[in-house]
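Chemist: I need the structure of the sequence given here:
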Amino acid sequence: MKFVKTASDPQSGARCGTLYTDHGEIHTPIFMPVGTVGSVKGVYHRDLKEDIGAEIILGNTYHLYLRPGLETLSRAGGLHRFESWDRPILTDSGGFQIFSLTSIRKLTEEGCRFQSHIDGSRHMFTPENNVDTQRIIGADIMMALDECCPGDATEEYAAKSLGLTQRWLERFSARFSQTEPLYGYEQTFFPIIQGCVYPELRKRAAEHALEYARVGIAIGGLAVGESTEQMYSVLELLNPIIPQDKARYLMGVGTPANILEAISRGVDMFDCVMPTRNARNGMLFTFDGIMNMKNAKWGSDFSPLDEKGTSFVDSAYSKAYLHHLFVSKEMFAGMIASEHNLAFYLELVRQARLHIQAGDFSSWKTTTVAKISTRL
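Modeler: Numbers count the residues shown, from 1 in each chain. You can find the predicted model right below:
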């Protein structure tokens, strides 16, 4: 497994690359649809491949560990076979989910004790058993176990949290080196750079994480309460520190505008639940702007969902029809909207790649951000 940079924008940090895995090539910049429990909500895998163009999807270690459980995944031959997906998969370690369970989890040097949100049962993630768990799940790219520090944390807390994440990373890396893939294909893991919004902590985190980085590295702890300006500032700080031969993954971000701004600051890989979660609530992202399909004004608009879109649903269904489905509370509404939004995100990063290769990404990005951020 390796990452190769293939092009760069002369006026920004934007770049293109190819991440080679045993399940296929990933062309960056790339957006990765979120399949938390082994499915991207409301979207067929056929459509993810053929219509949306997804090259990689996500799974979540915390959720998959609890249900269906490791025994089932092991008997199935790993997550790829269990969910019938033959392209790359990335798994989050579960650190962010544990961060979200503040009232039912406890962090210690050993690891994290937590209660299941399903039945209240008690469990423990350590760096070692987290490696073992992700080996059983079988993702091509695994994430190191970390603590996701809140964006408004004090510097004292952020420093203490970072120290724990760094010690966990050392143990995670050691366990990874002691174990082998279970299903006949290569796996790698990305260390995660934490440090909240504090520049010196982020520098320290990056330098330490790079000691353990193989193919790529993740940037965590952003879009968790800090301002957009602070997020961009952290990315600008890290861009020259991370070597050019390492893929950079910004975890959990974000809006289409966030993605283009992060690409201009050197980021290669993105994931976010926004395109599907917002879709189920009636929000469509388009190249002309953002639409709330529940608004009455769309009820008499028989034009395609997005005349500039690339998905089948963009030309097959009208705004009036989708509005009707939403006000009728028809589940098909969320399915159409989810496919559209995911196709939009994948087309957005595809166009970003083309403009980086053409050398005019910066001017295109400025114009595009203004358009796609407009409320229609």
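Chemist: gap between the two ends of stretch 128-147?
Modeler: This stretch, stretch 128-147, spans 15 Å end to end (CA to CA, to the nearest Å).
Chemist: Mind listing what's buried along it?
Modeler: Within stretch 128-147, the residues that qualify as buried are 128-131, 133-147, counting by 16 or more other CB atoms under 10 Å. No exception for glycine: its C-beta is placed from N, CA and C like everyone else's.
Chemist: now do stretch 309-319
Modeler: Residues of stretch 309-319 classed as buried by neighbour count (16+ other CB under 10 Å): 309, 310, 311, 312, 313, 314, 317, 319.
Chemist: what does stretch 265-283 give?
Modeler: Quick answer for stretch 265-283 (16+ other CB under 10 Å): 265-272, 274-276, 278-280, 282-283.
Chemist: Residue 298 touches residue 324, doesn't it?
Modeler: No. Taking contacts as CB atoms under 8 Å, residue 298 lies outside contact range of residue 324: 9.2 Å.
Chemist: Which of the buried residues of stretch 265-283 sits closest to residue 55?
Modeler: Residue 55 lies nearest to residue 269 out of the buried residues of stretch 265-283, by CB to CB, at 10.4 Å.
Chemist: Please go through this structure and pick out the longest helix.
Modeler: helix 331-358 (DSSP state H).
Chemist: That one - what's its average pLDDT?
Modeler: With pLDDT averaged residue by residue, helix 331-358 scores 98.
Chemist: picking that back up, helices - which of the buried residues of stretch 128-147 land there?
Modeler: Among these, DSSP H puts 128, 129, 130, 131, 133, 134, 135, 136, 137 in helices.
Chemist: Residue 36: how many residues sit nearby?
Modeler: The number of residues packed near residue 36 is 16, by other CB atoms under 10 Å.
Chemist: quick one: it from residue 222, how far?
Modeler: Computed as CB to CB, to the nearest Å, the residue 36 to residue 222 distance reads 19 Å.
Chemist: Now do the longest helix of the chain: distance to the chain's middle.
Modeler: Helix 331-358 sits 14 Å away from the centroid of its parent chain (CA atoms, centre = their mean, to the nearest Å).
Chemist: tell me which residues of it are tucked away?
Modeler: Going by neighbour count (16+ other CB under 10 Å), the buried part of helix 331-358 is 333-353, 355-356.
Chemist: what do you get for stretch 220-227?
Modeler: Residues 220, 221, 222, 223, 224, 226 are the ones in stretch 220-227 that count as buried (16+ other CB under 10 Å).
Chemist: Stretch 68-75 too?
Modeler: Neighbour counts over stretch 68-75 (16+ other CB under 10 Å) mark 68, 70, 73, 74 as buried.
Chemist: Residue 155 contacts residue 198, correct?
Modeler: Yes. The criterion here is CB under 8 Å, and residue 155 meets it with residue 198 at 5.1 Å.
Chemist: just to revisit the earlier point, of the buried residues of stretch 265-283, which is the nearest to residue 169?
Modeler: Of all the buried residues of stretch 265-283, residue 269 has the smallest distance to residue 169: 19.0 Å, by CB to CB.
Chemist: What residues does that closest one make contact with?
Modeler: Contacts for residue 269 were tallied using CB atoms under 8 Å, 6 or more residues apart in numbering; they are 19, 26, 28, 29, 30, 32, 216, 247, 248, 249, 250.
Chemist: Can you tell me the number of residues neighbouring residue 374?
Modeler: Neighbours of residue 374 (other CB under 10 Å): 11.
Chemist: for residue 158, same thing?
Modeler: So residue 158, with other CB under 10 Å, has 23 neighbours.
Chemist: Could I get the buried residue list for the strand or helix carrying residue 366?
Modeler: Per DSSP states H and E, residue 366 falls inside helix 361-372. For helix 361-372, the neighbour count (16+ other CB under 10 Å) marks 361, 364, 365, 368, 369, 372 as buried.
Chemist: Since that was my last question, I'll sign off now.
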